[in-house]
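Enquirer: I would like to see how this sequence folds:
(chains A and B)
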Amino acid sequence: MTRLVSGLCLMLFLACVLSLHAGLTVFDPVTVVSALAGGEGTDALIVTTLRLPRTLIGLCTGAALGLSGLLMQSVTRNPLAEPGLLGVNAGAALFVTLGATVLGFSGLAGIGTAAMLGALFTTALVFLLSVSAGGADNPATTLLAGVTVAALFASFTQTLLLIDETALETLLFWLSGSFADRPLNLLVLGLPLLVAGCAGSFFFASSLDALRLDDASARTVGVNVMLVRIAALAFAALLAAGAVAMAGPVLFLGLAAPHLARRLMGDTLPSTRALIVLSMLTGALIAVIADILARIIVAPGEAPISAVLALVGVPLLVHLLRRRKAVSV
Amino acid sequence: MTPAVPSAVRLAPVLGLLVLATIAAIGIGSSFMPPERVVSALMGQGVRMDEVIVWKLRLPRVILAVLAGAALALAGALLQRVVRNPMASPSVLGISDGAAVGILLFLWLFSDEGNNLTVSVHWQPLAAILGASIFGGLVMLLALADRGGNRSLKIILYGIALAALAKAVVTLLIILGPVYRASQALTWLTGSVGAAHWDDVLTMALGLAIAAPFLASQRLVLRQLVLDPESAATTGVPLERAQFILLATAVALTALATAHVGAIGFVGLVAPHIARVVHGQFRSFYLLSTALTGSLIVLSADLLARTIAPPLELPTGALTALVGAPLFLYLLIKGRRYHA
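Expert: Numbering: from 1, shown residues only, chains lettered A, B, ... in the order given. Just a heads-up that it's a prediction; the model follows:
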């Protein structure tokens, strides 16, 4: 476990260093270090205002989505659960689209805030619906309510964008999700949520361990199932809201990172604490690597991050699935 | 839900709604036609103009929507049973995305410099079916080759992995391919019944006509699949073979529908759940109820797509959730004690 974590940390560090160097123009270490130390010139500007922000935002978004996905999957016991099923992405997209078509704003800080508000509003709506459907203690009802609200909001967004083509053009770059060209101050929105989500997950980790089997067994060891479930879903929503505020809707990562983390442990059944660390590291690592590839594969253009994430994550997932025996969710 | 009401009677509301929606969908369009003219045109006693509009333009579209909705809903119901997961649907397990890859490759490979297709567009459905079968087949092969552990979980995990891969390929093809094809591909990806033709209707009907008796013969197996694997095996179901056959049927149904109307989403997910709440999942006619619900959703979505922003016609797939989601949420809240 310690070896695995330190290995992942090392790989993450290397990936971040590589991310500062690689791109349309590849810099040598001297340029990068002097840029970070406060150097001047075009190269330094590229490193500090373009590559550093996207690396940090990729790192935080990846970690947040990985953890959010883990919380979703453990608390619903459903391997298909992912942050998008709480309506975070759809809600964020709808609020951003409404903001752009009705209120007419276009700055990234405004978009980020609208995205976060939309994500939180939608999750609250999903909770409300699943409670009024009498399903607060039935995770499947929450997921169904979530996916339905998400589909409904996505349909609103799509209709709005089909009718207003100029909005589509200005928002397309945001709607496809990316770590590129994001100002560093978006971290102000995302980082506190990441820290809060992280702290909350560790706080509830032992209760989540108990929830693995079934609700009845968890109750017999004294876990308040309802409380843990709602708290964990709320933290998952906060984490995903932070991620969508920073990077826009990023798909696949929240779904795949926890599965990857589980398979990395092989045949041993890891504790939730270990999984929290591993999911965040895996999420961050894949995000940073995918971001590097996104600059390269369709250069000089920029490939959509969700597509690249899948290209990186899928072979890895299939490989790990085939290497090990099944570990239950 | 009183069990005293016979199953067939419980079908009446959705059947009635479907008939109403059909008449509305034939009557409403760029030129409005009151119901009595619709009926007389259908009977062959209308004005010549009405008959042309009804028989040539609107009827194929309406029937295609009905058939495609039914096929997608059935595929969703099968998948949810086979992988024992209420969140399963054709778009989660990589089948619709596989079809999309097929279509995009077809558009890309067979376009000349002037953006004209070098082969007949009638081959397009075949490309979709090929794509869906390849991706669906890969999911099954990977799951079959993997001996250890929980089979349903394996199908899901390989499914989401290949779905993500197919989505990524689609995105990259759209970026790298010719721009003109990109917009065409996007409309197709959202799904639309706008280009319906009697040929499409015929193929779809044929496919469903083959699938329906087969599914009717499998209804007992489908019920037993709800049990956990051990209990299902003790009831005498050859579990692995049943899963394989039903999965293959779901792939075929999705491929067929997607080939003709594009990747219309959400129906496959929600129609089985609506049917479950309204009808009960262990009653006879559950599959029929699912199919009718799917038809109703796609048909109403298409009706909205034509009328919501005239003269602009929206893709049907953009509106399935607009119709299906409020209905399902209402049922979910009204049903209260509903267990997925």
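
Enquirer: hey, which helix or strand in chain A has the poorest pLDDT?
Expert: The helix or strand of chain A with the poorest confidence is helix A:165-175; it has a mean of 77 (mean pLDDT, DSSP states H and E).

Enquirer: what lies in contact with it?
Expert: For helix A:165-175, contacts defined as CB atoms under 8 Å, 6 or more residues apart in numbering or on different chains pick out A:93, A:96-97, A:100-101, A:106, A:108, A:111, A:160-162, A:181, A:248-249. The way it works is simple: take the backbone N, C-alpha and C, and place the C-beta from them, glycine included.

Enquirer: lowest-confidence entry in these?
Expert: Among the contacts of helix A:165-175, residue A:106 carries the lowest pLDDT, at 68.

Enquirer: quick one: name whatever helix or strand follows the helix or strand of chain B with the lowest mean pLDDT.
Expert: Least confident helix or strand, chain B: helix B:179-190 with a mean of 71, by mean pLDDT, DSSP H and E. Remark: after helix B:179-190, the chain's next helix or strand is helix B:198-217, criterion DSSP states H and E.

Enquirer: would you put the C-alpha positions of the following helix or strand past that next one in CSV?
Expert: Next in sequence after helix B:198-217, counting helices and strands by DSSP H and E, comes helix B:219-224. In CSV, the C-alpha atoms belonging to helix B:219-224 read as follows (Å, rounded to 0.1, in the frame of the first residue of the first chain):
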residue,chain,number,x,y,z
ARG,B,219,-40.3,-14.2,-20.5
LEU,B,220,-39.9,-16.8,-17.8
VAL,B,221,-36.1,-16.6,-18.1
LEU,B,222,-36.3,-12.8,-17.9
ARG,B,223,-38.2,-13.1,-14.6
GLN,B,224,-35.7,-15.5,-13.2
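
Enquirer: just the buried positions in helix B:219-224, please.
Expert: Buried residues in helix B:219-224, defined by neighbour count with 16 or more other CB atoms under 10 Å in any protein chain shown: B:221, B:222, B:223, B:224.

Enquirer: give the contact list for the most centrally placed residue in chain B.
Expert: Central residue of chain B (CA atoms, centre = their mean): residue B:72, 1.9 Å from the mean position. By CB under 8 Å, 6+ apart, the residues touching residue B:72 are B:90, B:253, B:254, B:257, B:264, B:267, B:268, B:271, B:294, B:298.

Enquirer: from the chain's centroid, how far away is the host helix or strand of residue B:63?
Expert: Following DSSP H and E, one finds residue B:63 within helix B:59-82. Distance of helix B:59-82 from the chain centroid (CA atoms, centre = their mean, to the nearest Å) equals 4 Å.

Enquirer: for the helix or strand following it, what is the average pLDDT?
Expert: With elements assigned by DSSP H and E, the helix or strand that comes after helix B:59-82 is helix B:95-109. What helix B:95-109 shows for mean pLDDT is 86.

Enquirer: pLDDT value on residue B:18, please?
Expert: The model reports residue B:18 with a pLDDT of 92.

Enquirer: for the contacts of residue B:72, which one is nearest chain A?
Expert: Set against chain A, the nearest of the contacts of residue B:72 by CB to the nearest CB is residue B:267 (10.2 Å).

Enquirer: for the closest one, give me its contacts.
Expert: Counting by CB under 8 Å, 6+ apart, residue B:267 touches B:69, B:72, B:73, B:76, B:294, B:297, B:298, B:320, B:324.

Enquirer: list just the nearest of these to residue A:32.
Expert: The closest of the contacts of residue B:267 to residue A:32 turns out to be residue B:320 (CB to CB; 49.4 Å).

Enquirer: I'd guessed that closest one sits against residue B:296; true?
Expert: No. Using CB atoms under 8 Å, residue B:320 is not in contact with residue B:296; the gap is 10.8 Å.

Enquirer: more crowded one of these two?
Expert: Neighbours around residue B:320 and residue B:296, counted as other CB atoms under 10 Å in any protein chain shown, are more numerous at residue B:320. The numbers are 32 against 28.

Enquirer: list the contacts of that one.
Expert: By CB under 8 Å, 6+ apart, the residues touching residue B:320 are A:151, A:155, B:191, B:264, B:265, B:266, B:267, B:297, B:298, B:301.

Enquirer: rerun that using 6 Å as the cut-off
Expert: B:264, B:266, B:267, B:297, B:301 (CB atoms under 6 Å, 6 or more residues apart in numbering or on different chains).

Enquirer: for residue A:85, same thing?
Expert: Applying CB under 6 Å, 6+ apart to residue A:85 gives the contacts A:143, A:146, A:147.

Enquirer: let me know the secondary structure of residue B:264.
Expert: Assigned with DSSP: H, G, I helix; E, B strand; the rest coil, residue B:264 falls in the coil class.

Enquirer: and it, its phi and psi?
Expert: phi -70, psi 120 (degrees, to the nearest 10).

Enquirer: mind putting the contacts of residue B:267 into CSV with pLDDT?
Expert: Rendered in CSV, the data for the contacts of residue B:267 read as follows (pLDDT from 0 to 100):
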residue, pLDDT
B:69, 94
B:72, 94
B:73, 95
B:76, 93
B:294, 95
B:297, 94
B:298, 94
B:320, 89
B:324, 87
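
Enquirer: name the residues of the stretch 151-300 of chain A found near chain B, please.
Expert: Neighbours of chain B within the stretch 151-300 of chain A, by CB under 6 Å from any CB of the partner chain: A:151, A:152, A:155, A:158, A:159, A:162, A:163, A:252.

Enquirer: any idea how far the fifth one lies from residue B:319?
Expert: What it means is residue A:159. 7 Å (CB to CB, to the nearest Å).

Enquirer: more crowded one of the two?
Expert: Using other CB under 10 Å as the criterion, residue A:159 and residue B:319 rank with residue B:319 on top: 27 against 20.

Enquirer: hang on, that one packs against residue B:305?
Expert: Yes. Applying CB atoms under 6 Å as the test, residue B:319 and residue B:305 come out as touching, 5.0 Å apart.

Enquirer: closest to residue B:82 out of the contacts of residue B:320?
Expert: Compare each of those with residue B:82 using CB to CB and the shortest gap goes to residue B:267, at 17.8 Å.

Enquirer: quick check on the closest one: phi, psi?
Expert: phi -60, psi -50.

Enquirer: which among the contacts of residue B:267 end up buried?
Expert: The neighbour-count test (16+ other CB under 10 Å) marks B:69, B:72, B:73, B:76, B:294, B:297, B:298, B:320, B:324 as buried among those.

Enquirer: for the first one, which non-adjacent residue is closest in space?
Expert: Here the nearest residue to residue B:69 in space, its sequence neighbours aside, is residue B:298; by CB to CB, 6 or more residues apart in numbering or on different chains that works out to 3.2 Å.
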